[in-house]
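Student: Sharing a sequence plus its predicted fold:
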Amino acid sequence: MAAFTERMAPVLLLWLAVCLSGAWAVDRGNFKTCDQSAFCKRQRALKPAESPYRALLETMELTNTKLTLQLINDNNKVRLLLELYRLQGNMTRVKINELKPLKPRYEVPDVLIREPPTEPLSLLSQDENGVVLSLGAESQRVIVSARPFRLDIMEGREVVMSLNSRGLLAFEHLRMRKDTFSYKVTSTVASVWDNIKRVFTSQTEPEVEKNEEADPANQAETAKDEDKAVDGMWEETFKSHSDSKPNGPSAVSLDFSLPGVEHVYGIPEHADDLRLKTTDNGDPYRLYNLDVFQYELYNPMALYGAVPVMLAHNTHRTTGIFWLNAAETWVDISSNTAGKTVFGKMLDYVQGSSETPQTDVRWISESGIIDVFIMLGPTPTDVFAQYASLTGTQSFPPLASLGYHQCRWNYNDQEDVRSVDAGFDEHDIPYDFIWLDIEHTDGKRYFTWDPHKFATPKEMLQGLKDKKRKMVAIVDPHIKVDSNYKIHNEIRSRDFYVKNKDGGDYEGWCWPGNAGYPDFTRADMRDWWASMFAYDQYEGTMDNLHTWNDMNEPSVFNGPEVTMHKDAMHGDWEHRDVHNIYGLYVHRATAEGLIQRSGGTERPFVLTRAFFAGSQRYGAVWTGDNAAEWDHLKISIPMCLSLGLVGISFCGADVGGFFKSPGAELLVRWYQTGAYQPFFRAHAHMDTARREPWLFGPENTALIREAVRQRYTLLPYWYQLFYQAHRTGYPVMRPLWVEYPQDPATFAVDNEFLIGKDLLVHPVTEEGARGVTAFLPGKHEVWFDVHTFQKHNGAQNLYIPVTMSSIPVFQRGGSIIPRKLRVRRSSLCMEDDPYTLYVALNVQRTAEGELYIDDGHTFNYEKKEFIHRRLSFINNSLSSVNLAPDAQFTTASWIERIVILGASKPSKVIVKTTDGQESPVEFEFDASMSVLTLRKPGMNAGEDWTVTLQ
């Protein structure tokens, strides 16, 4: 039988893969709608009304760190505990849990980088209707209303945000199932006790409910009306899968109102526009990490990752909501201006309509507690810093990982790898990483190599290392159940697998066939997993091998919605409680393993498909199994912009599309777009035609080569931006509104984007395009075409004729961007090469920028081993000043060229270096374009210097 199963495994897997892929299209029937998700349907059936919850003000306690207050549901007398915190950095935290739950409810660990520091709340006033508390900032306060319970955050007379203003707070308390023996015993005892109380208690005792405790029997008894005729509370079936729900209903929900707001963003991952849509006429946005084959576009279906963070923006303020819950979550959005045309809004204005725009948001999660962080901005960068203070910043990637990555499912063997590597050299196209998918392993056993196709992996890796290149190999978190497989045997012997509801090891089908799933929620399991990346454990590896975690939603081919059963167990917790954080734990353990194998010195590169809040601390993400279609190229922009807004800057999409085979035009346009997105990797399905960059004829090879080379010239700028993201939490790839927050024309733009604040990119994403219209923001700005140096005024829609070689990119006037123009076969080969500085003058004829240099791969920057310079042009002088005088690092790189855009012709140019010596500099001036080029000024990139135009 075992032999038969082994023989049949590939056939079954192929059948499963075909069923899941749906002939290159998602089968929506594999995934739930809100109506098919019992808790979502139940909660969504509640309509805005007066809330049954009220605050019991006599229970209020105010300490130096928080306010606590009990809430009571007047329908069932169940009490909740509200905790309100004022946090450092202009944030407010609201936690709501049961006062006396039957058992503990899950509170998400390991996402916050520390317990957020608090600041004192002060009581401003109190009466029978509520309390008013100061939030410290001038005129900023929170009002807690008692009946019904409501919370308003105010600034002056303006309501910034309201909680439970629509009465949609819902908290399904844990209760005992009525048909169980323990319930019958408990309720019988409770009934007897109630009779005794009635005998000895006066009928006239006032407000008995204030002293009524929510004991388990009372909770079950008083909730009896809630249980009637509601399916899915204690058991739920989807297709052939049953969810036993041993804890019964446990959903939580809360509504937030945002007066004055029409634009909200975030809550990735969805294949949708940057600006979130209203959900009144369809499903809410779903956050539930799922393996979705060739996902559909422009809908709220769940995808591979879930970050429960939403940003709200108008011309006056940016705020954020961070809903810290790892269970399946749905987010409803409504707006009182949704559907109104521009004409309709103008008519409202003319007629003097007094209705203030407002967006209402409702969060619904299946289990856990309500734990929400309200980030009060008020600027976009304030919100980025606030969120970073909670969950950390983007990990600082090795410089090489910002180069180009070549991937395919699968490169067949070592000779195939060698041939592809040589092809890049033959066609003069730089790259840094070549990737291996699952076929490189011995029978899908991760941490192994196919003994025939990859018999000498160290020889292969050394060949790449000799060329200063690297490799990524896949390590997935499903482990083949095989008694001859060391990894499986160790996990089983240590009892590290996730358990099924009956206590045995949970098993499901994935690429190896029958597989177990390590319990990454366990710290000891993660420590063991990290130890497996040691060079003496993961045989055949070297320091230029990095890692890719796929399928970590987790993907279970024969599971409900292609994932793990919700009643599987992680210690004391059900999988339903932890689902969305599982992928983060896999990513974390892998990154820690790569760090540990180097003795803590080397920065890792790890790519993950599944993610959660905080995943930015561990590496990069990509947008999953896209397709070779123009709309998938377009959607890569808002998908990565949305991720950047919630802290995950290192994002990219599979260049060319994973499924299907792109035509030459689409492939070229995708390279041109991907070259200006943070993570730049081509990838393809095994059933597609080979598509290395030189396989589409010499003209297209030249176009792809040029796009990749543009990426490499800009590596100093990309690296500096990732250093900034690591230090501050600011996104690398940014929507226009982040830098132009008072310009409504930017609020919904998602077909172009900024890299940092100084480069604007409008990729060509339409088939057969002969022109594009780019919006250049900024009323008093000027923008320079980086290819022609043509100057354009801001605050205009600019039509740009395009050919197949066109990549519309503009540099902001007032900026200085460093480049390296000597492109070599990999980034490491360019380490000591000289810089060219592009100085784009604004209307005030000034500019500024930065230059950051370190060793590119270690954590030594944390020991102050780096160069960080401020570059400034003012009063016809360009200077380099040290931004980190206490840092120590040296570089062989020098300033080879300075190009000043929007310049006037000088009579002479003088450079003054650290030693006080002055030297003349050769220059050329193009009067037709006002471009001044200084040749070989020769200063070391790490030293102080000044160049003066006279």
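Tutor: Looks like it came in fine.
Student: now the strands: where do they sit in the stretch 601-750 of the chain?
Tutor: 606-608, 620-622, 651-652, 654-655, 680-682, 733-734 (DSSP state E, counting those that start in this stretch).
Student: just checking, what packs against the fifth one?
Tutor: For strand 680-682, the contact count by 3 or more CB pairs under 8 Å, 6 or more residues apart in numbering; DSSP states H and E identifies strand 404-406, strand 654-655, helix 664-674 as packing neighbours. Just so you know, the C-beta spots here come from the backbone N, C-alpha and C atoms, and that holds for glycine as well.
Student: and it, which strands flank it?
Tutor: According to DSSP bridges, strand 680-682 has the following sheet partners: strand 404-406 (parallel), strand 654-655 (parallel).
Student: Check the first one too.
Tutor: Using DSSP bridges, the strands paired with strand 606-608 are strand 545-549 (parallel), strand 620-622 (parallel).
Student: before we move on, what about the last one?
Tutor: According to DSSP bridges, strand 733-734 has the following sheet partners: strand 753-755 (antiparallel).
Student: what sits up against the strand it pairs with?
Tutor: 637, 641, 676, 717-718, 721, 732-736, 738-739, 760-761 (CB atoms under 8 Å, 6 or more residues apart in numbering).
Student: do stretch 868-881 as well
Tutor: 723, 816, 818, 837, 839, 841, 845-853, 882-884, 887, 898, 900, 906, 939, 941-950.
Student: Just the buried ones among the residues you listed, please.
Tutor: 723, 816, 818, 837, 839, 841, 845, 847-853, 887, 898, 900, 906, 939, 941-943, 945-949 (16 or more other CB atoms under 10 Å).
Student: would you list every one of the helices in the stretch 451-600 of the chain?
Tutor: All helices of the stretch 451-600 of the chain, identified by DSSP state H, counting those that start in this stretch, fall at 457-466, 486-493, 523-531, 575-578, 582-597.
Student: between these, which gets nearest to Asp283?
Tutor: helix 575-578 (19.4 Å; CB to CB).
Student: And that closest one, what does it pack against?
Tutor: strand 569-570.
Student: how far is the strand it packs on from where the chain is centred?
Tutor: 26 Å (CA atoms, centre = their mean, to the nearest Å).
Student: what is the mean pLDDT for it?
Tutor: Strand 569-570 comes out with an average pLDDT of 98.
Student: and if you look at stretch 507-519?
Tutor: 98.
Student: how many other residues sit next to Leu121?
Tutor: 23 (other CB atoms under 10 Å).
Student: how about it, what does it touch?
Tutor: Going by CB under 8 Å, 6+ apart, the list of residues near Leu121 reads 62, 66-67, 84-86, 133-135.
Student: Show me which positions of stretch 812-829 end up buried.
Tutor: 812-820, 823, 825-829.
Student: again, but for stretch 31-45
Tutor: Buried, per 16+ other CB under 10 Å, within stretch 31-45: 31-34, 36-44.
Student: and which of those residues is nearest to Phe611?
Tutor: Phe31 (18.5 Å).
Student: Keep only those of the contacts of stretch 868-881 that are in strands.
Tutor: 816, 818, 837, 839, 847-853, 882, 898, 900, 945-949 (DSSP state E).
Student: so how far is Asp577 from Leu303?
Tutor: 21 Å (CB to CB, to the nearest Å).
Student: next one: Arg822
Tutor: Arg822 is 54 Å from Asp577, by CB to CB.
Student: Return the per-residue confidence for Glu212.
Tutor: 45.
Student: Nearest to Leu124 among the buried residues of stretch 31-45?
Tutor: Gln43 (34.2 Å).
Student: does the closest one really touch Ala170, like I thought?
Tutor: Yes: assessed by CB atoms under 8 Å, Gln43 is found in contact with Ala170 at 5.8 Å.
Student: hey, what's in contact with both of those two?
Tutor: Joint contacts of Gln43 and Ala170 (CB under 8 Å, 6+ apart) are 251, 253.
Student: rewinding a little: can I get the strands of the stretch 601-750 of the chain in TSV with mean pLDDT, distance to Glu553 and mean neighbour count?
Tutor: What follows is the strands of the stretch 601-750 of the chain, written out as TSV (pLDDT from 0 to 100; distance: least, CB to CB, whole Å; neighbours: other CB atoms under 10 Å):
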stretch	mean pLDDT	distance to Glu553	mean neighbour count
strand 606-608	99	10	27
strand 620-622	98	12	28
strand 651-652	98	17	26
strand 654-655	98	17	28
strand 680-682	99	20	25
strand 733-734	98	24	24
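Student: Phe859 is nearest to which of these?
Tutor: strand 606-608 (15.2 Å).
Student: For that closest one, what is the distance to the chain centroid?
Tutor: 12 Å.
Student: With stretch 429-445 instead?
Tutor: On CA atoms, centre = their mean, the centre of stretch 429-445 falls 25 Å from the chain's centre.
Student: ok, and the closest non-adjacent residue to Lys95?
Tutor: Of all residues not flanking Lys95 in the chain, Glu83 sits nearest, at 4.2 Å (CB to CB, 6 or more residues apart in numbering).
Student: next one: Ser815
Tutor: Asp758 (3.7 Å).
Student: now swap in Val931 and tell me
Tutor: Phe789 (5.1 Å).
Student: for this structure, which spans come out with low pLDDT?
Tutor: 1-24, 180-229, 339-354 (pLDDT under 70).
Student: Give me the subset of the contacts of strand 753-755 lying in helices.
Tutor: 637, 641, 717-718, 721, 736, 738-739 (DSSP state H).
Student: Next, format those residues as JSON lines and append neighbour count and distance to Leu276.
Tutor: What follows is these, written out as JSON lines (neighbours: other CB atoms under 10 Å; distance: CB to CB, whole Å):
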{"residue": "Ile637", "neighbour count": "26", "distance to Leu276": "15"}
{"residue": "Leu641", "neighbour count": "26", "distance to Leu276": "12"}
{"residue": "Tyr717", "neighbour count": "25", "distance to Leu276": "30"}
{"residue": "Trp718", "neighbour count": "22", "distance to Leu276": "28"}
{"residue": "Leu721", "neighbour count": "27", "distance to Leu276": "26"}
{"residue": "Leu736", "neighbour count": "24", "distance to Leu276": "17"}
{"residue": "Val738", "neighbour count": "25", "distance to Leu276": "16"}
{"residue": "Glu739", "neighbour count": "20", "distance to Leu276": "20"}
